[in-house]
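Peer 1: sequence plus predicted model, see below.
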Amino acid sequence: MKTILIVLFCLTTQYFSIAQNPGFIKGDENFKLPLAFHKTDTVLVISPNSYPMTDNAKNDIENYVFWDKWQKKPCYSYKTESEVTANDLQKHLQFYGPFDQFQNPDFLNIPIKQVLNGFAFNDQIFDQKGDAFFYISDSATSFYTCKNSGKCFNQYRIYGAGLYQLNIFRDDDFVLTGFSSDKEKKDSINYLDKLRASYFENFSTRYFDFKIAKSLNRDSIERIITTEMDTYVDSLCSSLESDNAKIERITTYIYANRMDLQTFIAAPPGMTVYGKSVGNINHLSSFDKATFRHETSHTFIGWTVGLNPHDFFMEGFAVFNEYFFNPEAFKKDLEIVKDNPKLLTMDLIYKQNYFFDNSLNYPIAGAFTKFIVDRIGISAFKKAYASNQIEEYLVKKTGKNMEQTIIAFQNYSIKHFEK
């Protein structure tokens, strides 16, 4: 799931610095290692012999590069470990799949070490299925994106990892970030559990485990949480015709401000992040009910409906849910569509790393999603969303493809305000 607002990611020397909480190691704001690794014609992705490289995994890998407007995106080729030749070792190599299944010792000379069913770092063992790591060598010629379970590892892509050389994840959350040289054997590490313990207080409800910044007015936040937040999830179940039995507990971090949020999630400095949802983990910069509802919608949709690969529909579906609780919001969003007719295009809907360039794309996506739901029904839309067949359902139900539906929607937005 993506952030509620991201402004242009400018890979220039004109970065602003992320505010550093006491105790945090400062990250590399220029993303030198990720940029250097991907500054090559072709990246060779190597997987263990026992690991089948699926189309979803390839999509996961190839969509990590989110700076292709400023640096050319490389091509990708794929081999299993036994297929690698001596000449291949001169290329930029990305390792993908369960780390403990790699066998060539030349691939293992990094600070992370193999253990049974997982990996270890500084004598800390990570052998749970959801444990994963992101690491780039000092030379920026080897890049490791490995997860124990063998399933797609996209946390590093969703969070935009790269501010730090090393990131270790447990399921959808960070365990540690920092730098660990494979040449000089030196570490500078942010241990997130320890840092969170000093920053947050805990509060739980029927659906949520809240982590609230100690500097905030906890009493006032808890009053809102107690009276409204669980009710919101129940309302979503009703509005989207979903079963709340599928809902797991949702961890929601509430930070004192945006900069603290970005520091904890190692957000790239060119981003402006007010809220972020990754699986069952939500991050909020201070407590805003609209942002809370948006990020919780992402989590709820992922569990009860499924996932869609397109940012436009992921964000549009979450914005659409706000209309159940704030009907006036749809009218305001539709007016934005009317005033900006050129923004809604096929590229906006389908092109990767395109949606978040303009904050106006959020209301446009929400209003267009509602337009589609109103024409095919919420039950059909949920099936279309989860199977990534929204255009196919549109053609079947309305006789119009996506491009024709865009034109119909733009005409609808104009006529709505002529009444």
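Peer 2: All right, it came through fine.
Peer 1: contact partners for the nearest residue to residue 352 once chain neighbours are set aside?
Peer 2: Distances taken as C-beta to C-beta, 6 or more residues apart in numbering put residue 63 closest to residue 352, at 5.4 Å, once the chain neighbours are dropped. (C-beta placed from N, C-alpha, C; glycine too.) Applying C-beta atoms under 8 Å, 6 or more residues apart in numbering to residue 63 gives the contacts 157, 352-353.
Peer 1: now do residue 75
Peer 2: Shown in contact with residue 75 (C-beta under 8 Å, 6+ apart): 41-43.
Peer 1: of all residues in the chain, which one is nearest the centre?
Peer 2: Centroid-nearest residue in the chain, with C-alpha atoms, centre = their mean: residue 158, separated by 2.6 Å.
Peer 1: that one and residue 281 touch, don't they?
Peer 2: No. Counting by C-beta atoms under 8 Å, residue 158 sits too far from residue 281 to count as a contact (10.3 Å).
Peer 1: highest neighbour count among the contacts of residue 75?
Peer 2: Ranked by neighbour count (other C-beta atoms under 10 Å), the contacts of residue 75 have residue 43 at the top, with 21 neighbours.
Peer 1: my guess is that residue contacts residue 92, does it?
Peer 2: Yes. In this structure, residue 43 is within contact of residue 92 by C-beta under 8 Å, at 5.3 Å.
Peer 1: anything in contact with each of these two?
Peer 2: Common neighbours of residue 43 and residue 92 (criterion: C-beta under 8 Å, 6+ apart): 37, 74, 143.
Peer 1: what's the closest of these to residue 269?
Peer 2: For the shared contacts of residue 43 and residue 92, the minimum distance to residue 269 (C-beta to C-beta) is 18.8 Å, reached by residue 37.
Peer 1: assign a three-state SS to the closest residue to the closest one other than its chain neighbours, would you?
Peer 2: Of all residues not flanking residue 37 in the chain, residue 140 sits nearest, at 4.5 Å (C-beta to C-beta, 6+ apart). With DSSP: H, G, I helix; E, B strand; the rest coil as the basis, residue 140 sits in coil.
Peer 1: measure residue 140 to residue 181 for me?
Peer 2: Plainly put, residue 140 is 12 Å away from residue 181 if you go by C-beta to C-beta, to the nearest Å.
Peer 1: now do residue 301
Peer 2: As judged by C-beta to C-beta, residue 301 and residue 181 stand 41 Å apart.
Peer 1: those two: which has the busier surroundings?
Peer 2: residue 301 (25 against 15).
Peer 1: what strand or helix carries residue 412?
Peer 2: In this assignment (DSSP states H and E), residue 412 forms part of helix 402-416.
Peer 1: which of the residues in that helix are classified as buried?
Peer 2: By neighbour count with 16 or more other C-beta atoms under 10 Å, helix 402-416 contains the buried residues 405-406, 409-410, 412-413.
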